[in-house]
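Colleague: sequence plus predicted model, see below.
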Number of protein chains: 2
Amino acid sequence: MNDAPNEAGSFAFTLRKSCPHTRARLGSLRTPHGSTSTPAFMPVGTAASIKGVEPRRIRDTGSRIVLCNTYHLVLRPGDDVVRDLGGLHAFMRWDGPILTDSGGYQVFSLAELTETDRDGVTFRSHIDGRTLRLTPERAMEIQLNLGSDVMMAFDECLPAHADREETARSLEERTLPWARRCLDLHPGDGRALFAVAQGGLHEDLRRACVRALAAEPFDGLALGGLSVGESKEEMRAMVSASTAEMPAEKPRYLMGVGSPLEILDAVALGVDLFDCVLPTRNGRNGAALTFEGVLRLKNARHTRDAAVIERDCPCAACSGGFSRAYLRHLLQSREMLGATLMSIHNLTFMQRLMAGIREALETNTFESFRQRLAAKLAGETSIPATRNTST
Amino acid sequence: MNDAPNEAGSFAFTLRKSCPHTRARLGSLRTPHGSTSTPAFMPVGTAASIKGVEPRRIRDTGSRIVLCNTYHLVLRPGDDVVRDLGGLHAFMRWDGPILTDSGGYQVFSLAELTETDRDGVTFRSHIDGRTLRLTPERAMEIQLNLGSDVMMAFDECLPAHADREETARSLEERTLPWARRCLDLHPGDGRALFAVAQGGLHEDLRRACVRALAAEPFDGLALGGLSVGESKEEMRAMVSASTAEMPAEKPRYLMGVGSPLEILDAVALGVDLFDCVLPTRNGRNGAALTFEGVLRLKNARHTRDAAVIERDCPCAACSGGFSRAYLRHLLQSREMLGATLMSIHNLTFMQRLMAGIREALETNTFESFRQRLAAKLAGETSIPATRNTST
């Protein structure tokens, strides 16, 4: 499922091939804890756990790199605790690559009484009301304490429809200078630091932000502030404009995206990395992802449905012979095992999707693969991929 | 961990050895879905799932036979649904032996507006308020639909301190005739039917009930209506009196028991089979069972505790290197994985305890094993083994 040699070493991105018909790219990404082929999808382990799934099972889904959330881990158990226990890899028993976000998105979406100044953000924990502060320097300190392989620069994430003036000021006064302050703290020890490009839904601001960040020696470039409520067309326009400004040699990460259709689209626009809570969250809620579209297992028609979710799926749920009827029963009875098996299936689906995309890129058939699959998955639009406040 | 050949066949109980110092017994129990050595502990899969643990993981804990609850499965998904899907083994993907209770205990503890007559019980579902009826005939039909290897006869479970007269009448008019009606429906196809002896806290009634049931061709005898709020001494007296009346050649099952200390005691009184929600429920709540006593992982002193729960434990949590600090974090964050890993550890502990008991019986050292371990586990009394309303 993953054809890159699982080589560990200093961070490096290798562009292996470009699609002749779209802007899609086939590559590989090396980190101190191993490699992954790209385009790649990262399961989200908000609080240092992909909800309900053991790390070895995560690996079984084909996942090679996971994401953890800085904001949640600072609040609980604290980055000092994780550091004292040997960092996130030792803490959560995941020996593959880990990417951490900067905490920016969650501070602006989850925390209470947020006050932003030129230097950073003061906010109250949504868990216990403690007052905390995040600055570029603190965000780097946290991520170094966590020991992530790929760190994100601290950014300001405005509401999707912030006006031009406010957005421009945010970039000028916060996101750009904050990114540079993070860069000053790059450990230079083989771990990577990505910058996060913002700019709301203003194409020119997005382009300008990307150009400014691309001029600095970041190891990769991320697209932030998307999939936060804007339309599919708006998101696509922003992604397209942003990747157009990005240098070919750096990996591109679209944060918080997305659904299978959104990923197919964004890959065609040149994105290499994705993360989303969709497979786990929607799985817990009874939506099984398949190559024929979404199966809603809580539906009464599955009461006596002896079939597994997807016949040729190698996941623990399908290959283990757990029927749709049994999964439905577990979901209806709020049995944890239902959430676990559904999450394993959906993550396996996502990794099979990514493997299919990579295989198609390898054989120059990505565009027809994408169109064929998009037609089958069209019904999927009813489950939007909302960004994670938790997984 | 389990030294009986995993032989499948018609139900049979083989008494292999008796303890020279106590009334403890070493044996083995064969069912159409495989065998288990006794004394044995059965994890509880109330709604056809041991909460949060995949079947293959259950087997990894050393468990060889599991219990499911008739009452819960009748309410959801319905025994007809389970039957249509091939029975419980196929439904929950557990290919080992399954024991089902009769539904009696839960009807009397969980259902609403219960009305008992000579023929059975009418009650309302605690889930959706539907009116349902259980009779001896219906309890047998359900268990045959579920396809259990060991069925329990339908009994009336009175409150622990029901008076003598009420208890005697219950035995005479309900529990004993109901058991005989169940026996009339014994399928005689290799599956087993156990009778449930009641009698409250009245020793003479317990003895009389056991004698009456022992005279009938049941495959095994269970002790019901215990561990429902009575004192340890009361329970011990009832178990002792009951097993004293039981024929040596039939297996004895103490329903809903119990804590490691209670099991050590009951084994010494001649009990062969146990089930309890304690390892899973207490695990979910943060209590880790160990051979040095209970570890309460939510305690702040484990915040930076890098040790695993128990160093020599082969379970997925301990051998997987998950630290007490990480488990504490998962429990505090209400992450499902915490419940899963704790349940796996605690079930593994219970199976190691049972394996230790069997090994000690094999080598005629059970009594010293029991006393040594009881001294270490003395602190455990603070977590009583309450009977399951669910797991």
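Modeller: Happy to help now that I have it.
Colleague: for the residue most central in space within chain A, give the beta-bridge partners.
Modeller: The C-alpha lying nearest the average C-alpha coordinate of chain A belongs to A:Asp275 (Cα atoms, centre = their mean; 1.5 Å). Beta bridges link A:Asp275 to A:Met42, judged by DSSP bridges.
Colleague: go ahead and confirm it touches A:Leu99.
Modeller: Yes: taking Cβ atoms under 8 Å as the contact criterion, A:Asp275 and A:Leu99 are neighbours in contact, 7.4 Å apart. Quick note: C-beta positions are derived from backbone N, CA and C, even for glycine.
Colleague: what do the two both touch?
Modeller: Both A:Asp275 and A:Leu99 are in contact with A:42, A:67, A:253, where contact means Cβ atoms under 8 Å, 6 or more residues apart in numbering or on different chains.
Colleague: from B:Arg370, how far out is the residue nearest to the centre of chain A?
Modeller: From A:Asp275 across to B:Arg370, the span is 53 Å (Cβ to Cβ, to the nearest Å).
Colleague: over to A:Val82?
Modeller: Here A:Val82 is placed at a distance of 42 Å from B:Arg370 (Cβ to Cβ).
Colleague: could you do A:Cys318 as well?
Modeller: Here the criterion is Cβ to Cβ. By it, A:Cys318 lies 46 Å from B:Arg370.
Colleague: and the closest residue to chain B within the stretch 51-200 of chain A, what does it touch?
Modeller: Among the residues of the stretch 51-200 of chain A, A:Gly52 lies closest to chain B, at 3.9 Å counting by Cβ to the nearest Cβ. Remark: with contacts taken as Cβ under 8 Å, 6+ apart, A:Gly52 is in contact with A:280, A:284, A:336, A:339-340, A:343, B:52, B:335-337, B:340.
Colleague: at 7 Å what do you get?
Modeller: A:336, A:339-340, A:343, B:336-337, B:340 (Cβ atoms under 7 Å, 6 or more residues apart in numbering or on different chains).
Colleague: what's the most distant pair in those residues?
Modeller: For the contacts of A:Gly52, the maximum inter-member distance is 11.8 Å, found between A:Ser343 and B:Thr340 (Cβ to Cβ).
Colleague: what helix or strand is the residue of chain A most remote from its centre located in?
Modeller: No residue in chain A sits farther from the centre than A:Arg304, which is 35.5 Å out by Cα atoms, centre = their mean. According to DSSP states H and E, A:Arg304 maps onto no helix or strand at all.
Colleague: in chain A, where is pLDDT below threshold?
Modeller: Applying pLDDT under 70 to chain A picks out residues A:1-5, A:379-391.
Colleague: now with 80?
Modeller: Within chain A, the set of residues satisfying pLDDT under 80 comprises A:1-6, A:160, A:379-391.
Colleague: is there proximity between the longest helix anywhere in chain A and chain B?
Modeller: When chain A is scanned for its longest helix (criterion: DSSP state H), the result is helix A:336-362. Yes: judged by Cβ under 7 Å from any Cβ of the partner chain, helix A:336-362 comes into contact with chain B through A:336-337, A:339-340.
Colleague: gap between the closest residue to A:Asp79 other than its chain neighbours and A:Arg138?
Modeller: Using Cβ to Cβ, 6 or more residues apart in numbering or on different chains and skipping residues adjacent in sequence, the residue nearest A:Asp79 is A:Asn145, 4.0 Å away. Taking Cβ to Cβ as the measure, A:Asn145 falls 10 Å from A:Arg138.
Colleague: check contacts around A:Leu85.
Modeller: Contacts here follow Cβ under 7 Å, 6+ apart; on that basis A:Leu85 touches A:91, B:304, B:306, B:323, B:325.
Colleague: kindly recompute the last result at 8 Å.
Modeller: By Cβ under 8 Å, 6+ apart, the contact set of A:Leu85 is A:91, B:304, B:306, B:323, B:325-326.
Colleague: ok, these vs B:Thr290, which is closest?
Modeller: Distances from the contacts of A:Leu85 to B:Thr290 were compared by Cβ to Cβ; the smallest belongs to B:Ser323, at 14.6 Å.
Colleague: wait, the closest one touches B:Thr303, no?
Modeller: No: between B:Ser323 and B:Thr303 no contact is recorded; they are 10.6 Å apart, counting by Cβ under 8 Å.
Colleague: quick one, which of the two is more surrounded?
Modeller: With other Cβ atoms under 10 Å in any protein chain shown as the criterion, B:Ser323 and B:Thr303 differ in neighbour count, and B:Ser323 comes out ahead with 23 against 16.
Colleague: what's the neighbour count on the residue lying closest to that one once chain neighbours are set aside?
Modeller: The shortest distance from B:Ser323 to any residue other than its chain neighbours is 4.9 Å, reached at B:Ala306 (Cβ to Cβ, 6+ apart). Here the neighbour count serves as a burial measure; for B:Ala306 (other Cβ under 10 Å) it reads 15.
Colleague: could you check how far A:Leu205 is from A:Arg23?
Modeller: Using Cβ to Cβ, one gets 21 Å for the distance from A:Leu205 to A:Arg23.
Colleague: who's in contact with the nearest residue to A:Arg324 once chain neighbours are set aside?
Modeller: Excluding its sequence neighbours, the residue lying closest to A:Arg324 (Cβ to Cβ, 6+ apart) is A:Asp305, at 4.0 Å. Contacts for A:Asp305 (Cβ under 8 Å, 6+ apart) come out as A:323-325, A:328.
Colleague: A:Thr167 too?
Modeller: Each residue near A:Thr167 by Cβ under 8 Å, 6+ apart is listed here: A:158, A:198-200, A:202, A:205.
Colleague: what about those residues, which are in helices?
Modeller: With helices identified by DSSP H, the entries of the contacts of A:Thr167 that belong to them are A:Leu205.
Colleague: OK, contacts around the spatially closest residue to A:His161 that is not a sequence neighbour?
Modeller: The shortest distance from A:His161 to any residue that is not its chain neighbour, by Cβ to Cβ, 6+ apart, is 6.7 Å, and that residue is A:Leu201. For A:Leu201, the contact set (Cβ under 8 Å, 6+ apart) comprises A:160-161, A:230, A:234, A:237-238.
Colleague: could you do A:Thr348 as well?
Modeller: Per Cβ under 8 Å, 6+ apart, neighbours of A:Thr348: A:60-62, A:313-315, A:318.
Colleague: before we move on, what about A:Leu377?
Modeller: Here A:Leu377 is in contact with A:260-261, A:264, A:291, A:293 (criterion: Cβ under 8 Å, 6+ apart).
Colleague: measure how buried A:Arg57 is and give me the count.
Modeller: Applying other Cβ under 10 Å, we find 20 residues neighbouring A:Arg57.
Colleague: so it is in contact with A:Cys315, correct?
Modeller: No: at 9.3 Å, A:Arg57 does not count as touching A:Cys315 under the criterion of Cβ under 8 Å.
Colleague: common neighbours of those two, please.
Modeller: Shared between the contact lists of A:Arg57 and A:Cys315 (criterion: Cβ under 8 Å, 6+ apart) are residues A:Ile344.
Colleague: what segments of the stretch 51-200 of chain A are strands?
Modeller: According to DSSP state E, counting those that start in this stretch, the stretch 51-200 of chain A carries its strands in the segments A:66-68, A:98-100, A:112-116, A:121-124, A:131-134, A:150-152, A:192-197.
Colleague: just put the ones you listed in CSV and tack on mean neighbour count and distance to chain B.
Modeller: As requested, the strands of the stretch 51-200 of chain A are exported to CSV (neighbours: other Cβ atoms under 10 Å in any protein chain shown; distance: least, Cβ to the nearest Cβ, whole Å):
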stretch, mean neighbour count, distance to chain B
strand A:66-68, 26, 12
strand A:98-100, 26, 15
strand A:112-116, 12, 19
strand A:121-124, 19, 18
strand A:131-134, 16, 17
strand A:150-152, 29, 21
strand A:192-197, 28, 25
